[in-house]
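Asks: everything below, folded, please.
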Amino acid sequence: MKRIAKLSTLATTLLIVFIPVFTLLVWFNWNELFGNKRSLEALHSLYELELKENEMSAMKNINNDTEFLVKGENLTPFFTLLEDRGYSIVKGEEFLVQKGNSSYSVKINKFQTHYSVINVGEEVALDIIEK
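Replies: Below is the predicted model:
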């Protein structure tokens with residue numbers, strides 16, 4: 001009985017110590033962990049990619065811009081979605097998408113090590129999501 005009491009006291013003490021330490025580590029390393037992403041949105045997008053096995057997931061960053069998350073550098077699902085919505089892709093020094101007379105730049109960044117974040121601007125993102 002004394003052994004159980006000692007173990008439960010030790011476990012409680014470790015929880016009291018480690019939870020604030022872990023919280024402080026996440027707090028001070030927020031930019032390195034999530035960048036300008038909302039943590040819950042990023043986790044939900046990762047859930048959709050990994051567990052639901054979707055090819056692409058939409059999320060919002062801290063500036064309320066819609067971004068798309070894909071696995072690795074596989075941008076094919078995003079570009080086929082753009083082409084289905086009537087956009088044409090222009091590859092040059094940077095990626096551009098065009099629809100009619102308007103052209104929009106595409107920014108691709110790494111998220112963690114195994115994902116890419118695609119930002120096409122809010123107007124194109126809303127056009128993609130609404131249809």
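
Asks: got the CA coordinates for the longest strand anywhere in the chain in PDB?
Replies: When secondary structure is assigned using DSSP state E, the longest strand within the chain turns out to be strand 102-111. Provided in PDB are the C-alpha atoms of strand 102-111 (Å, rounded to 0.1, in the frame of the first residue of the first chain):
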ATOM      1  CA  SER A 102      -6.100  38.300 -64.000                       C
ATOM      2  CA  SER A 103      -3.000  36.500 -62.800                       C
ATOM      3  CA  TYR A 104      -2.100  35.500 -59.200                       C
ATOM      4  CA  SER A 105       1.200  34.400 -57.700                       C
ATOM      5  CA  VAL A 106       1.500  31.100 -55.900                       C
ATOM      6  CA  LYS A 107       3.700  30.900 -52.900                       C
ATOM      7  CA  ILE A 108       4.900  27.400 -51.800                       C
ATOM      8  CA  ASN A 109       6.500  27.000 -48.400                       C
ATOM      9  CA  LYS A 110       7.600  24.000 -46.300                       C
ATOM     10  CA  PHE A 111       5.600  23.100 -43.200                       C
END
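
Asks: pairing partners for that strand, with directions?
Replies: Strand 102-111 has the following sheet partners, assigned by DSSP bridges: strand 95-99 (antiparallel), strand 115-119 (antiparallel).

Asks: in the first one, what's buried?
Replies: Right, strand 95-99. For strand 95-99, burial by neighbour count (16 or more other Cβ atoms under 10 Å) applies to 95-97. Just so you know, the C-beta spots here come from the backbone N, C-alpha and C atoms, and that holds for glycine as well.

Asks: to Y87, which of the strands paired with strand 102-111 lies closest?
Replies: strand 95-99 (4.4 Å; Cβ to Cβ).

Asks: surely S57 meets L51?
Replies: No: applying Cβ atoms under 8 Å, one finds S57 not in contact with L51, separated by 11.1 Å.

Asks: among the two, which residue is more densely surrounded?
Replies: Looking at S57 and L51 with other Cβ atoms under 10 Å, you find the greater number of neighbours at S57, namely 21 against 8.
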